[in-house]
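Colleague: this one's structure only:
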């Protein structure tokens with residue numbers, strides 16, 4: 001179990017990352033790539049990426065990147081720097097700038113689990129060429145495994161951020177933390193990740209916690225091992241129907257317009273779809289459109305079954321947000 005201890009100052013400084021973190025997504029997708037999970041939401045993505053990697057001549061940098069990210073157990077903290085909250089290039093620059101002392105420490109921890117991969121010795125010395133080869137491999141892998149799917153990944157994260165924003169508005173930061181159940185439990189200044197692979201305690205000591213919603217995070221949230229690093233907790237989001245290349249999300253007619261959408265769906269359902277753009281509960285849909293709660297529920301059910309909405313229940317309310325397909329239809 002992972003126990004994260006909050007002070008009152010930590011609660012004030014806790015926040016949600018502004019978007020999907022491309023470096024965390026890259027690293028966590030590597031952990032899922034060799035798995036044998038029958039998860040249909042990732043099966044097509046896994047086949048396509050594996051085929052793409054076989055088609056490429058695997059460079060020493062790519063082999064090193066794979067070896068640094070085993071499907072289970074420890075992976076180096078330096079691969080997911082805090083700077084990546086500002087974007088992929090910022091994250092890569094932070095990896096290239098990792099001090100040799102941190103590289104040696106992280107790679108020693110990795111070696112304790114089964115030896116160092118080829119190329120790790122020069123990396124542990126902080127040789128600039130080794131770091132450049134590693135980040136070049138990260139760039140190549142990103143282009144293959146994340147780039148074609150990024151809009152879907154970002155849409156899933158945005159839908160989750162809408163849920164967390166609602167929880168924050170309704171219950172403050174404590175409501176936000178409580179909304180992360182069932183993966184974690186919040187109670188009296190303590191956030192517990194019960195299925196964490198090893199027992200640990202993390203004291204935030206006034207630094208707050210950055211919550212990072214992640215498409216490729218598996219069922220159990222992830223934290224960095226080094227307690228001195230800026231505290232983050234990466235947690236899984238609803239994958240909203242899985243992955244497909246983003247070009248496939250576009251409707252055939254890009255000039256459909258809102259009038260044509262209303263003709264296709266019916267004016268009320270088109271209005272429900274538009275109301276859900278920023279997230280909307282069933283009751284709010286009913287009030288905005290001047291319809292009964294039963295009618296609002298019926299319309300959202302039809303849109304959800306069509307793959308245009310995703311709905312999340314929290315106690316006695318249901319929040320509806322657009323799927324990538326729903327957003328593509330609305331924006332056409």
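Modeller: Received, thanks. Since we're looking at a predicted model, the values are computed, not measured.
Colleague: who's in contact with residue 171?
Modeller: By CB atoms under 8 Å, 6 or more residues apart in numbering, the residues touching residue 171 are 178, 179. C-beta here means a position set from N, CA and C on the backbone, and glycine is covered the same way.
Colleague: helix/strand/coil for it?
Modeller: Assigned by DSSP: H, G, I helix; E, B strand; the rest coil, the conformation of residue 171 is helix.
Colleague: What part of the chain, helix or strand, is modelled with the least confidence?
Modeller: The helix or strand of the chain with the poorest confidence is helix 257-265; it has a mean of 59 (mean pLDDT, DSSP states H and E).
Colleague: Tell me where the model's unsure across the stretch 101-250 of the chain.
Modeller: Filtered on pLDDT under 70, the stretch 101-250 of the chain yields the residue ranges 113, 115, 241-242, 244-250.
Colleague: What segments of it are strands?
Modeller: Here the stretch 101-250 of the chain has its strands, by DSSP state E, counting those that start in this stretch, at 185-187, 190-193, 200-203, 210-214, 222-223, 232-236.
Colleague: Give the pairing partners of the fourth one; include direction for each.
Modeller: Read that as strand 210-214. Sheet pairing of strand 210-214 (DSSP bridges) gives strand 15-16 (parallel), strand 232-236 (parallel).
Colleague: With mean neighbour count and distance to residue 292 as extra columns, can I get the ones you listed in TSV?
Modeller: Converted to TSV, those look like this (neighbours: other CB atoms under 10 Å; distance: least, CB to CB, whole Å):
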stretch	mean neighbour count	distance to residue 292
strand 15-16	16	34
strand 232-236	21	35
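Colleague: Put together TSV for those strands, with distance to residue 317 on each row.
Modeller: Converted to TSV, the strands paired with strand 210-214 look like this (distance: least, CB to CB, whole Å):
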stretch	distance to residue 317
strand 15-16	19
strand 232-236	21
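Colleague: And those: which comes nearest residue 59?
Modeller: For residue 59, the closest of the strands paired with strand 210-214 is strand 232-236, at 27.4 Å, according to CB to CB.
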